[in-house]
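A.B. asks: heads up, no residue letters with this:
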């Protein structure tokens, strides 16, 4: 019997994709600042985004990432996400 593959929805394009193919952004209760969760296991409120620049731009424009994490997304956080996307594309 084949195991079920966990799927999550991208906040940018709203497509369901395998969890391992997405980037998780988490807002921890202690810090309250969103950051990229490379392990996928950090405690806190999380949101997933495709490793594509178009999805990040759409999520930023519609403020979907802000709504999902319930926190203001600063330009520094967007830059960090862009760097993570570039790293994934290599």
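C.D. replies: It's in. Note that this is a predicted model, so its numbers are computed, not measured.

A.B. asks: which parts of the helix or strand bottoming out on mean pLDDT in the chain are buried?
C.D. replies: Least confident helix or strand, the chain: helix 75-89 with a mean of 87, by mean pLDDT, DSSP states H and E. For helix 75-89, a neighbour-count test (16 or more other Cβ atoms under 10 Å) marks 77-78, 81, 84-85 as buried. Any C-beta I mention is one placed from the backbone N, CA and C, and that applies to glycine too.

A.B. asks: what's in contact with it?
C.D. replies: Applying Cβ atoms under 8 Å, 6 or more residues apart in numbering, the contact partners of helix 75-89 are 23, 25, 33-36, 49, 51-53, 56, 60.

A.B. asks: rewinding a little: would you list the buried residues of helix 75-89 in a markdown table and tack on distance to residue 13?
C.D. replies: Listed next are these as a markdown table, based on distance: Cβ to Cβ, whole Å:
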| residue | distance to residue 13 |
| --- | --- |
| 77 | 19 |
| 78 | 17 |
| 81 | 15 |
| 84 | 17 |
| 85 | 13 |
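
A.B. asks: and which of those residues is nearest residue 19?
C.D. replies: Closest approach between these and residue 19, by Cβ to Cβ: residue 84, at 15.8 Å.

A.B. asks: ok, now how distant is the closest one from residue 41?
C.D. replies: Distance of residue 84 to residue 41, given as Cβ to Cβ, to the nearest Å: 17 Å.

A.B. asks: what's the answer for residue 79, then?
C.D. replies: 24 Å.

A.B. asks: need the pLDDT of residue 90.
C.D. replies: Per-residue pLDDT puts residue 90 at 63.

A.B. asks: would you map the helices across the chain?
C.D. replies: 53-62, 64-69, 75-89 (DSSP state H).

A.B. asks: now the angle from the least confident helix or strand of the chain to helix 53-62?
C.D. replies: 160 degrees (axes from the mean of the first three to the mean of the last three Cα atoms, to 10 degrees).

A.B. asks: please shift the residue numbers so they start at 454 in all later answers.
C.D. replies: In the new numbering, first residue 454, that becomes helix 528-542.

A.B. asks: sweet, I'm off.
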